[in-house]
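Participant: The amino acid sequence is not available; the structure is as follows:
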C-alpha cells in the first residue's frame, strides 16, 4: 500500500519538525544568584588559601607553615574543595532542568579538560616531584564525562537516592583500599592505601559524593527558591562566581608573579 501525496507531505513536515527540534540549541540554564555567590565565596577562599601557600613556599613566612599537616590548613582545603563540589552538583541540577544542547556540554568540558592539562604542565614545571596529576579540574572533567551519559536517569532519580549514593561514595574509601590504586594512573579512583605525593589530589571517591549531594539539593529545592535574588551586598561574590574557570587559571600566575617581583625588588634586610 503506497502513501498518498498528503500523507507523504505530512510525514515530511513531521520529520523536518523533529530534526529542527533536535538541532535547535536548547536554552542554557538561567543565572542562579545563590550558585554564583557560593562559587564566588569558594573562589575568594581559594585565592586567600593559595596566597598564604605562595607566601610560605617563597619564604616570606618564618617559621614555615605545614600545609599538609596543620589542621588549620588541611581543614580549610577540605572545606574549599567541598564547596566547589557542592556547587558543581547544584550547577548540574540547574543544567538538567534547562536541558542545554549537547555541543554546549562538550565545549565546556573541553575547556575544563584543557585547563586541567595546563595545571598538570605548570605544576610539573614548579614541582617536578609532586606535580598535580588529578586535582580539582581533573576531577570535575572526569565526573562530568562519567555523568553525562546518565543525564536522563539523573533527572529522574529522587533526591533521597542521590543523597544515599553520595554517602556511599564518601564511605567507600574508608572501608576499601588496595595497593593497586597507589600509582598515579590508578589513584584517581581514591581507594589508595597511602596519600600520593602531589600538590593537589581530588579523587573520584569520596569527592563525587559531595557533587551528588549538591545535585540532590538542586533537585529538591524549588526552582522559585533557587531563582530568588540575593541581597545587594553579595554582588561582588556573584560577579566573581560567574567566571570560576577564568579566575582559577589566572589567579596563581598573577599571585606568583607579584610575589616574585616583590621578592626581587624589595630592599635587602
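Facilitator: Arrived safely. Since we're looking at a predicted model, the values are computed, not measured. Numbers count the residues shown, from 1 in each chain.
Participant: can we go C-alpha only for contacts and neighbour counts from here?
Facilitator: Fine.
Participant: Give me the number of neighbouring residues for residue 168.
Facilitator: 15 (other CA atoms under 10 Å).
Participant: residues in contact with it?
Facilitator: residue 209 (CA atoms under 8 Å, 6 or more residues apart in numbering).
Participant: again with the one 4 residues further on
Facilitator: Taking CA under 8 Å, 6+ apart, we find residue 172 in contact with 191, 205, 206.
Participant: for the second one, what are its contacts?
Facilitator: When contacts are counted by CA under 8 Å, 6+ apart, residue 205 touches 169, 170, 172, 173, 189, 190, 191.
Participant: Out of those residues, which end up buried?
Facilitator: 169, 170, 173, 189, 190, 191 (16 or more other CA atoms under 10 Å).
Participant: wait, which of those is closest to residue 59?
Facilitator: residue 190 (32.2 Å; CA to CA).
Participant: ok so, going back, quick one: the buried ones among the contacts of residue 205 as a markdown table, columns for secondary structure too.
Facilitator: Below are the buried ones among the contacts of residue 205 laid out as a markdown table (DSSP: H, G, I helix; E, B strand; the rest coil):
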| residue | secondary structure |
| --- | --- |
| 169 | helix |
| 170 | helix |
| 173 | helix |
| 189 | helix |
| 190 | coil |
| 191 | coil |
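Participant: so, if you compare those, which one comes nearest to residue 95?
Facilitator: residue 169 (22.3 Å).
Participant: what about residue 119, how many neighbours?
Facilitator: By the criterion of other CA under 10 Å, residue 119 has 22 neighbours.
Participant: so where does it fall, helix or strand?
Facilitator: Following DSSP states H and E, one finds residue 119 within helix 102-126.
Participant: Residues contacting that helix, please?
Facilitator: In contact with helix 102-126 (CA under 8 Å, 6+ apart) are residues 130-133, 135, 137-138, 140-141, 144-145, 245, 249.
Participant: would you turn those residues into JSON lines with pLDDT, distance to residue 84 and neighbour count?
Facilitator: Formatted as JSON lines, those follow (pLDDT from 0 to 100; distance: CA to CA, whole Å; neighbours: other CA atoms under 10 Å):
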{"residue": "130", "pLDDT": "94", "distance to residue 84": "23", "neighbour count": "14"}
{"residue": "131", "pLDDT": "96", "distance to residue 84": "21", "neighbour count": "21"}
{"residue": "132", "pLDDT": "97", "distance to residue 84": "18", "neighbour count": "25"}
{"residue": "133", "pLDDT": "96", "distance to residue 84": "19", "neighbour count": "23"}
{"residue": "135", "pLDDT": "97", "distance to residue 84": "12", "neighbour count": "19"}
{"residue": "137", "pLDDT": "97", "distance to residue 84": "10", "neighbour count": "21"}
{"residue": "138", "pLDDT": "98", "distance to residue 84": "13", "neighbour count": "24"}
{"residue": "140", "pLDDT": "97", "distance to residue 84": "10", "neighbour count": "25"}
{"residue": "141", "pLDDT": "97", "distance to residue 84": "13", "neighbour count": "19"}
{"residue": "144", "pLDDT": "94", "distance to residue 84": "14", "neighbour count": "18"}
{"residue": "145", "pLDDT": "94", "distance to residue 84": "17", "neighbour count": "14"}
{"residue": "245", "pLDDT": "94", "distance to residue 84": "11", "neighbour count": "14"}
{"residue": "249", "pLDDT": "94", "distance to residue 84": "15", "neighbour count": "14"}
